[in-house]
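**Student:** Fold the following and give me the result.
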Amino acid sequence: MLQGLFRHAAQQAIDIVYPPSCMVCLAATQQSAALCATCWIKMPFVERPFCERLGTPFTHDLGQGLISPEAMANPPVYGRARVVARYEEGPARQLVHRLKYGDRVELAEAMGRWMARSGADLLEDADLLVPVPLHRRRLFSRRFNQAAELARVVGEVGGVAADPLALRRIKPTRPQVGLTRAQRAENVQGVFRVDDVAKARIAGRNIVLVDDVMTSGATANAAARVLLRAGAARVDALVFARVVTTR
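**Tutor:** Numbers count the residues shown, from 1 in each chain. Sure, this is the predicted structure:
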């Protein structure tokens with residue numbers, strides 16, 4: 001409780017020196033870590049109805065508990081995915097890029113809170129949050145893992161412990177941008193590992209895998225596969241944004 005009071009007081013002091021502004025367009029806002037009305041309207045939030053497996057939205061409400069044709073044709077390794085927003089041009093993409101490439105670590109606070117809301121049903125019986133790790137070379141150059149920062153906030157809001165060391169990325173990979181679905185899957189094959197010392201923390205637990213963006217799902221599938229082989233009872237996925245293809 002005291003930590004929360006100190007954090008609130010510190011934020012008030014910062015707001016006096018630096019007036020609150022929109023996280024996307026920098027327009028004036030009434031509070032920090034918020035969107036202005038214009039950017040809020042443009043934010044492509046994913047709400048029900050959506051596919052219960054992939055978290056991708058349906059264009060029509062066909063009832064609860066349904067899964068999409070894509071999920072039936074290519075069922076993911078993970079159990080369920082939950083998504084805050086579609087990853088498209090606009091506020092969602094800008095927030096992801098600023099967090100990941102712009103050293104805007106403070107954005108993880110608001111983004112993580114949105115994720116906790118979108119993934120509330122996953123967090124209800126989750127035992128552990130596991131962020132998708134970066135390879136040590138990329139972590140050194142970037143200085144922080146955005147997935148770990150998001151998992152920290154989700155854990156604080158949802159009351160679930162986050163373990164950033166449960167999963168390791170043991171091989172560097174080339175960027176997934178521009179690769180086909182098959183190339184993405186090949187690119188992340190064999191890149192994750194659960195060390196023997198971490199298996200006891202994984203075995204029998206319900207895991208929620210946390211990341212900033214999901215595109216084809218190849219990374220989440222590869223990570224989930226390794227966690228399940230390490231003894232996890234179930235692996236779900238929670239991401240801030242997901243690429244949604246329309247057919």
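
**Student:** before we move on, what SS does V213 have?
**Tutor:** With DSSP: H, G, I helix; E, B strand; the rest coil as the basis, V213 sits in strand.

**Student:** For P91, see how far away the closest residue to it other than its chain neighbours is.
**Tutor:** With Cβ to Cβ, 6 or more residues apart in numbering as the criterion, V213 has its nearest non-adjacent residue at 5.1 Å, and that residue is A241. Every residue, glycine included, has its C-beta placed from N, CA and C. The spacing between A241 and P91, counted by Cβ to Cβ, to the nearest Å, is 10 Å.

**Student:** Overlap of the contact sets of these two?
**Tutor:** A85 (Cβ atoms under 8 Å, 6 or more residues apart in numbering).

**Student:** Which elements pack onto the helix or strand hosting the residue nearest to V213?
**Tutor:** A241 belongs to strand 234-242 when assigned by DSSP states H and E. In terms of contact count using 3 or more Cβ pairs under 8 Å, 6 or more residues apart in numbering; DSSP states H and E, strand 234-242 is assigned the packing partners strand 81-86, helix 91-101, helix 107-118, strand 206-214, helix 218-229.

**Student:** change it to 6 Å
**Tutor:** Here strand 234-242 touches strand 81-86, helix 107-118, strand 206-214, helix 218-229, going by 3 or more Cβ pairs under 6 Å, 6 or more residues apart in numbering; DSSP states H and E.

**Student:** Distance to I170 for the ones you listed - can I get that in a markdown table?
**Tutor:** Conversion of the helices and strands packed on strand 234-242 to a markdown table gives the following (distance: least, Cβ to Cβ, whole Å):
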| stretch | distance to I170 |
| --- | --- |
| strand 81-86 | 24 |
| helix 107-118 | 25 |
| strand 206-214 | 17 |
| helix 218-229 | 10 |
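
**Student:** Can you say which of those is packed in most?
**Tutor:** Of the helices and strands packed on strand 234-242, the one with the most neighbours on average (mean count of other Cβ atoms under 10 Å) is strand 206-214, at a mean of 26.

**Student:** who's in contact with P76?
**Tutor:** With Cβ atoms under 6 Å, 6 or more residues apart in numbering as the criterion, the residues that contact P76 are 217, 221.

**Student:** ok, now how distant is it from A148?
**Tutor:** When Cβ to Cβ is the yardstick, P76 and A148 sit 22 Å from each other.

**Student:** hang on, the earlier thing: would you turn the helices and strands packed on strand 234-242 into JSON lines with mean pLDDT and distance to K42?
**Tutor:** Converted to JSON lines, the helices and strands packed on strand 234-242 look like this (pLDDT from 0 to 100; distance: least, Cβ to Cβ, whole Å):
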{"stretch": "strand 81-86", "mean pLDDT": "98", "distance to K42": "10"}
{"stretch": "helix 107-118", "mean pLDDT": "97", "distance to K42": "15"}
{"stretch": "strand 206-214", "mean pLDDT": "97", "distance to K42": "18"}
{"stretch": "helix 218-229", "mean pLDDT": "96", "distance to K42": "26"}
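
**Student:** now the helices for this structure?
**Tutor:** With DSSP state H as the definition, the chain shows helices at residue ranges 2-17, 37-42, 69-73, 91-101, 107-118, 120-123, 136-142, 146-158, 181-187, 196-202, 218-229.

**Student:** What is the last one packed up against?
**Tutor:** With contacts taken as 3+ Cβ pairs under 6 Å, 6+ apart, helix 218-229 sits against strand 192-193, strand 206-214, strand 234-242.

**Student:** Just put those in JSON lines and tack on distance to D163.
**Tutor:** Formatted as JSON lines, the entries for these read as follows, by distance: least, Cβ to Cβ, whole Å:
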{"stretch": "strand 192-193", "distance to D163": "14"}
{"stretch": "strand 206-214", "distance to D163": "9"}
{"stretch": "strand 234-242", "distance to D163": "13"}
